[in-house]
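Colleague: only geometry, no sequence info:
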């Protein structure tokens with residue numbers, strides 16, 4: 001049942017006040033799992049549709065600790081990271097990534113992804129998405145090579161580590177690491193929003209111009225006619241924070257794949273032809289083609305998007321595939337087009353484990369399944385198995401550090417009930433009493449963790465629980 005914001009707040013306040021008997025408050029013991037959500041009047045955004053879904057989902061969870069984790073995590077983006085207003089006469093939504101006061105195109109798209117299906121029934125959510133889609137378009141128009149942006153599009157970066165980068169820094173940019181997925185995620189979100197609501201309002205001429213810039217940037221970074229304009233260097237003790245060869249990155253043959261200088265972890269690529277993001281680009285370009293025809297009737301632009309998707313897909317089949325000792329195919333993580341191939345997997349998405357989740361392939365695709373299996377094995381140097389859990393990490397936080405996102409992704413892409421139960425157990429026993437997902441934790445000691453406020457991981461966990469409540473409720477009933 002949808003309620004007004006005012007009645008919803010009154011309902012929440014009454015629930016927070018405790019039970020009543022004849023108008024007299026009952027004295028109650030402190031709950032074992034007290035809510036870690038902000039007070040109702042301190043929440044950045046309140047959605048009746050989200051609150052209603054949370055209540056219905058909570059009723060299906062038999063384990064009180066798991067239910068508590070869900071109630072903390074699922075609304076965390078709305079509770080703590082949303083800044084809404086108007087900009088240039090349009091709705092505007094700016095979403096910080098959590099404990100970093102800047103907006104990543106990738107993270108902001110992923111943080112609100114679990115709410116897209118609810119937008120049709122909630123006008124407030126529709127305005128939130130309208131503003132975010134518009135803000136994404138503005139960010140891309142400022143600089144399609146940037147990964148993170150400032151709330152004020154005229155401001156200089158306040159990120160201390162990015163203030164002296166050697167690159168073509170623009171006002172409004174927080175960090176300028178070129179990552180293919182930074183342009184894919186806004187398309188994925190826009191396409192899903194349009195499919196869920198049929199709303200065409202966000203897709204104005206500014207959005208349309210930004211999408212043309214996306215296509216132009218992808219083509220430019222095929223590097224058929226030289227490296228293009230992007231370069232980046234940073235003075236850092238961390239090698240993966242900067243690029244070699246005057247900031248243009250390591251060499252790769254122009255074989256039709258799109259060059260990406262950084263991974264979705266914000267770490268530099270070893271080989272610039274990053275396979276998961278090229279697969280993501282193929283699916284995103286096809287979504288953009290569909291959206292452009294439906295909303296703008298622009299068949300010429302749609303044909304250009306489809307042609308590039310076809311070209312990249314053909315190059316992926318030729319250069320992105322590896323073979324095991326029995327000749328079976330699996331995806332490489334990065335290649336250079338000269339014959340050098342790297343197999344690892346990183347917890348950040350897109351990665352090899354998340355390809356089906358992002359719609360880059362079917363979940364039962366044989367090549368994907370082999371890639372996923374190898375990613376969760378000693379074949380992947382960033383697969384860690386410890387006393388606390390098993391999972392995938394990456395160079396960003398170093399060895400032994402498991403990212404909860406990898407465990408969540410494993411559960412989201414699994415058809416094995418016992419496997420999903422194991423993932424839920426790991427997630428429930430590694431939050432170190434905080435009630436939230438973290439960026440990473442030590443394989444043997446989950447009290448050693450990074451980023452207590454990481455909204456993307458919280459959103460992804462909430463998405464998993466909602467999916468299980470809908471598709472496999474029996475996995476949540478057991479206490």
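Modeller: Okay, I see it. What you see is a predicted model, and the numbers here were worked out from it, not measured in a lab.
Colleague: Would you map the strands across the stretch 151-300 of the chain?
Modeller: In the stretch 151-300 of the chain, strands defined by DSSP state E, counting those that start in this stretch lie at 173-175, 273-274, listed in chain order.
Colleague: what about the stretch 201-350 of the chain, any weak spots by pLDDT?
Modeller: Along the stretch 201-350 of the chain, no part satisfies pLDDT under 70.
Colleague: ugh, wrong one, the stretch 1-150 of the chain
Modeller: Per-residue confidence of the stretch 1-150 of the chain (counting by pLDDT under 70) places the weak regions at 1-30.
Colleague: thinking again about what came up before, for residue 462, find the nearest of the strands of the stretch 151-300 of the chain.
Modeller: Across the strands of the stretch 151-300 of the chain, the minimum distance to residue 462, taken as C-beta to C-beta, is reached by strand 173-175, at 25.7 Å. For the C-beta atoms, the positions are set from N, CA and C on the backbone; glycine is no exception.
Colleague: Need the residues that contact that closest one.
Modeller: For strand 173-175, the external contacting residues (C-beta atoms under 8 Å, 6 or more residues apart in numbering) are 102-103, 142-143, 146-150, 157-159, 162, 165, 266.
Colleague: From those residues, which land in helices?
Modeller: When DSSP state H defines the helices, the subset of the contacts of strand 173-175 inside them is residue 142.
Colleague: quick one: which of the contacts of strand 173-175 is nearest residue 473?
Modeller: residue 103 (34.9 Å).
Colleague: pretty sure the closest one contacts residue 146?
Modeller: No: taking contact to mean C-beta atoms under 8 Å, the distance of 10.6 Å between residue 103 and residue 146 leaves them out of contact.
Colleague: list the residues that contact both of those two?
Modeller: With C-beta under 8 Å, 6+ apart, residue 103 and residue 146 have common neighbours 139, 174.
Colleague: Same list, the strands of the stretch 151-300 of the chain, but as CSV with distance to residue 49 and mean neighbour count please.
Modeller: CSV is the format used below for the strands of the stretch 151-300 of the chain (distance: least, C-beta to C-beta, whole Å; neighbours: other C-beta atoms under 10 Å):
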stretch, distance to residue 49, mean neighbour count
strand 173-175, 31, 24
strand 273-274, 36, 30
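Colleague: how about residue 457, what does it touch?
Modeller: Taking C-beta under 8 Å, 6+ apart as the criterion, residue 457 is in contact with 403-405, 408, 436-439.
Colleague: can you pick the most crowded of those?
Modeller: Each of these was scored by neighbour count (other C-beta atoms under 10 Å); the top score is that of residue 437, with 30 neighbours.
Colleague: Quick check: which element contains the closest residue to that residue other than its chain neighbours?
Modeller: The shortest distance from residue 437 to any non-neighbouring residue, by C-beta to C-beta, 6 or more residues apart in numbering, is to residue 457 (3.8 Å). Using DSSP states H and E, residue 457 falls within helix 455-471.
Colleague: Go through that helix and flag the buried ones.
Modeller: 455-466, 468-469 (16 or more other C-beta atoms under 10 Å).
Colleague: Now distance to residue 374 too, for these, in CSV please.
Modeller: Compiled in CSV, the buried residues of helix 455-471 are given as follows (distance: C-beta to C-beta, whole Å):
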residue, distance to residue 374
455, 30
456, 25
457, 24
458, 28
459, 27
460, 22
461, 25
462, 29
463, 25
464, 23
465, 28
466, 29
468, 26
469, 31
